[in-house]
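In: Quick one, fold the following:
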Amino acid sequence: MRILIVDDEPELVEQIRQALAKQKYTVDTALDGEQAMDRIYVDPYDLILLDIMLPKKDGFGVLLELRNEKKSTPVLMLTAKGSIEDRIKGLDLGADDYLAKPFSMEELLARIRALLRRSNALVSPILKIADISLNTASREVLQDRQPIELTPKEFSILEFLLYNMNRAVSRYTIAEHVWGDEFDPLTMSNSIDVHIKNLRKKISDPKGKIIQTVRGVGYMIKDASK
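Out: Numbers count the residues shown, from 1 in each chain. You can find the predicted model right below:
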């Protein structure tokens, strides 16, 4: 599960990040609204923790843009504002839950678990292309109903390309998503190509019919039925 924390308090962001990492969540962070939208347009998130009082674009603006773009990612609003008016405004704009600061980490984790359970009940965890299916919950990959053993990096690359079906994704974007804080733009491009080559072998796609190379950009999985 991938979670985005959007808050302009670095210490709080780090506390939440560490607590979520201990629960085995993959965590990204943003310190202002514009940075948050940049990340949201690039990465698929299972949940967004969103503060209202943000630089550049406030939380209401982020939420409004998110919903206008038809993104249904669950949003838990975190804010020092505890007024009924702010809570109503956030919920009316499409927030799924609301937690006023200060809050206990235990309560935050419980709210996150509840939202993820609700979301998973509505959205299938299975991503498919051709005879390949990837289960984002169990992290299993099957081809023609037979299990395929992928490394964690190979799984993340395949999952990311499937989330971005029919859209070309740059090597830079793949590396930033998969390697996170370990991302090194000077050395990562060749590493991506090696991982793609190994991944193609494992899914019986040596000629790149499933994972297609987009010259000058990166890679794409294209659904031929559309």
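
In: Where do the strands of the protein begin and end?
Out: In the chain, the strands defined using DSSP state E lie at 2-6, 26-30, 47-51, 75-79, 97-100, 126-129, 132-135, 140-143, 146-147, 169-170, 211-214, 218-221.

In: closest one to residue 163 among those?
Out: The closest of the strands of the chain to residue 163 is strand 126-129. By C-beta to C-beta, the value is 7.0 Å. Quick note: C-beta positions are derived from backbone N, CA and C, even for glycine.

In: Does residue 219 touch residue 205 like I think?
Out: No: judged on C-beta atoms under 8 Å, residue 219 makes no contact with residue 205 at a distance of 11.4 Å.

In: Mutual contacts of those two, please.
Out: Shared contacts of residue 219 and residue 205 (C-beta atoms under 8 Å, 6 or more residues apart in numbering): residue 211.

In: out of the strands of the chain, deepest packed?
Out: Stretch with highest mean neighbour count among the strands of the chain: strand 47-51 (a mean of 26; mean count of other C-beta atoms under 10 Å).

In: what's the angle from that strand to strand 2-6?
Out: On the basis of axes from the mean of the first three to the mean of the last three C-alpha atoms, to 10 degrees, strand 47-51 is oriented at 10 degrees to strand 2-6.

In: picking that back up, could you export the strands of the chain to TSV, including columns for mean pLDDT and distance to residue 69?
Out: Conversion of those to TSV gives the following (pLDDT from 0 to 100; distance: least, C-beta to C-beta, whole Å):
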stretch	mean pLDDT	distance to residue 69
strand 2-6	93	15
strand 26-30	90	16
strand 47-51	95	13
strand 75-79	89	13
strand 97-100	87	20
strand 126-129	88	20
strand 132-135	91	24
strand 140-143	92	29
strand 146-147	94	36
strand 169-170	86	18
strand 211-214	94	23
strand 218-221	93	20
